[in-house]
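Novice: Just a sequence and a predicted model for now, questions to come.
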Amino acid sequence: MEFQERTITIRIDDAKCEACASKACIEACKTYSRGILTLKDGKPTVEGTPEELARKGTECLACEYECWFRGNSAISIEVPVKGLDAYRKKHGTA
Ligand code: SF4
């Protein structure tokens, strides 16, 4: 599943979630953000319109971090960084 906050895109490969014992993303979202990730049928989900998610999400990245360390590495977050492509080209790291 995939959803967006104001500037970031969160992708969750929820096929990995059934085997995850910690469900750490849910607690991380409650602790460090506004709890927009909830558990439904053993998998993380979000409710609300895209506008509500963009307003409520704090772009804290805690779910991705916790999933890496205590979950099943199911979350990836795309964070656009203005000027990054030009910077990489300039420094030969593109
Ligand atoms: S911590 Fe990761 S693997 Fe576990 S339920 Fe959350 S997204 Fe799925």
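Specialist: All right, it came through fine. A quick note: this is a predicted structure, and the numbers were derived from the prediction, not measured.

Novice: Up against the ligand, what does this structure have?
Specialist: Residues of the chain found near the ligand (C-beta under 6 Å from any ligand atom) are 12, 16-17, 20, 22-25, 44, 67, 71-72, 74-75. (C-beta placed from N, C-alpha, C; glycine too.)

Novice: L39 should be in a strand, yeah?
Specialist: Yes: assigned with DSSP: H, G, I helix; E, B strand; the rest coil, L39 falls within a strand.

Novice: Quick check: the residue of the chain nearest the ligand.
Specialist: The chain approaches the ligand most closely through G71 (2.5 Å), counting by C-beta to the nearest ligand atom.

Novice: dump the residue contacts of that residue.
Specialist: 16-17, 20, 22-25 (C-beta atoms under 8 Å, 6 or more residues apart in numbering).

Novice: cool, E47 as well?
Specialist: By C-beta under 8 Å, 6+ apart, the contact set of E47 is T38.

Novice: Chain neighbours aside, what residue packs nearest to D14?
Specialist: Nearest residue to D14, sequence neighbours excluded (C-beta to C-beta, 6 or more residues apart in numbering): K43, at 4.4 Å.

Novice: Also S73?
Specialist: Spatial nearest neighbour of S73, chain neighbours left out: C67 (6.3 Å); criterion: C-beta to C-beta, 6+ apart.
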